[in-house]
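Novice: Here's a sequence, model it:
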Amino acid sequence: MHTVESKSTTVTELRCLLQQAQTRISELATLQEITLSLGQHIDNVTLVLRRIIEAAAETLQAEASALLLVDEETGELVFDRVHKGGGNDLRQHRLAPSEGIAGWVATHGEPLIVNDVAQETRFASRIDDETGFHTRSILCAPLWARGRVIGVLEVLNRRDGQPFDEDNLRLTQAFCASAAIALDNARLYRAVYQGGLDTMKALAAAIDAKDPYTRGHSDRVTRYSLQIAHHLELDTRDLDTVMYAAILHDVGKIGIDEQILRKPGLLTPAEQAIMAHHPVIGATIVEGVSFLRESQPCIRHHHEWYDGRGYPDQLCGKAIPLGARIITVADAFDAMSTDRPYRAALPPAQAMTELEHCAGQTFDPAIVDIFVKQVHEARAET
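Specialist: Here you go, the predicted structure:
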């Protein structure tokens, strides 16, 4: 009898250990997925953070979770991401720097488990009052980055009614580390991205400044191009491709003699041949810059014509990169609607008529149609 009981106990223990192992493996798989997403979605911190707070609630079998970030100017905690428990209604709600359990955790930089908030004086009940959610227990841990607390992650109410424990805390701290890395990476990415963008704009402005008649041209072409690209519902990566190419579409003019650029009249055939080389020069300048790899063809081909009579490679139709076809329309409209050495600016309506007249020859007719409608709509609104 004793032997049977021992075997039964051993089987029960083994099953318990197996269940614990399965739980740990599942947790590790979740953390691995999040770690991979940190690298794959460095430019989409929203997606990563949403996945982290959802995973925290799912893994800990909790009713809700939320990510609060520290406002660097006021020190307040702002609800940035909420998974259930108040949902979008709670977004952008604020806590004073030391208000509530989350405020205490952010101020002290230490995690906290409270399994009965009714007995906890630090609990901010007003959030429940505003959302209608009933908090019974809470696990809250800080997000550390570069030696300071940048936010907190809180997980609310185990669905099985069990208290939060140290294992839950350990796992939550792992989620916090991932969230902190995601936020820090995003801030670094934005800084580098903005720095690169500012550099490109400065270069474009320097090129525009070589010719007083084209000052501000690159900015306007970029704005028109992005309007078209947004209408086409291009994804973020393709939008960036179009934006970079639009900013730098005339970068090759840096290699063109200023006497040709500034000539107050029509160019001779020889001068036109030199000017027509600027897309090739521009594509050569950006060659080897990894983040401009997809923009390079748009820079090279922004003077191709839809019917194949453009330059430098006489591409036609859909063989011309979409970004180039977009920029061609935007570039032509701005050129026609601004003063040039050899003619005064055309009225916008006349410039649009010219675009429509040349659709299918110089320009992609679908792009012309989109742009003309956008201009008409913008004028109607004003």
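
Novice: going forward, measure contacts between C-alpha atoms and count neighbours the same way
Specialist: Noted.

Novice: Identify the residues contacting the strand or helix carrying residue 323?
Specialist: Following DSSP states H and E, one finds residue 323 within helix 322-336. If you take Cα atoms under 8 Å, 6 or more residues apart in numbering as the criterion, helix 322-336 is touched by 217, 220-222, 224-225, 228-229, 241-242, 245-246, 295, 297-299, 301-304, 345-346, 351-352, 355, 363-364, 367-368.

Novice: how about that helix as CSV, C-alpha atoms only?
Specialist: C-alpha atoms of helix 322-336 as CSV (Å, rounded to 0.1, in the frame of the first residue of the first chain):
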residue,chain,number,x,y,z
LEU,A,322,6.0,54.4,-59.2
GLY,A,323,7.9,56.9,-57.0
ALA,A,324,9.4,58.5,-60.1
ARG,A,325,6.0,58.7,-61.8
ILE,A,326,4.6,60.5,-58.8
ILE,A,327,7.6,62.9,-58.6
THR,A,328,7.4,63.6,-62.3
VAL,A,329,3.9,65.0,-61.9
ALA,A,330,4.7,67.0,-58.7
ASP,A,331,7.9,68.3,-60.2
ALA,A,332,6.2,69.5,-63.5
PHE,A,333,3.3,71.1,-61.6
ASP,A,334,5.6,73.1,-59.4
ALA,A,335,7.9,74.1,-62.4
MET,A,336,4.9,75.3,-64.3
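
Novice: Return the distance of it from the chain's centre.
Specialist: Put simply, helix 322-336 sits 25 Å off its chain's centre (Cα atoms, centre = their mean, to the nearest Å).

Novice: show me where the stretch 251-382 of the chain has helices.
Specialist: For the stretch 251-382 of the chain, the helices defined by DSSP state H, counting those that start in this stretch cover 258-261, 269-275, 278-286, 296-300, 322-336, 348-358, 365-381.

Novice: Between the ones you listed, which one is closest to residue 250.
Specialist: Across the helices of the stretch 251-382 of the chain, residue 250 has its closest neighbour in helix 278-286 (6.8 Å, Cα to Cα).

Novice: can you tell me the average pLDDT over the closest one?
Specialist: Computed over helix 278-286, the mean pLDDT rounds to 92.

Novice: now do stretch 339-346
Specialist: Average pLDDT, stretch 339-346: 75.

Novice: Quick check: buried residues in that stretch?
Specialist: Buried residues in stretch 339-346, counted by 16 or more other Cα atoms under 10 Å: 340, 345-346.
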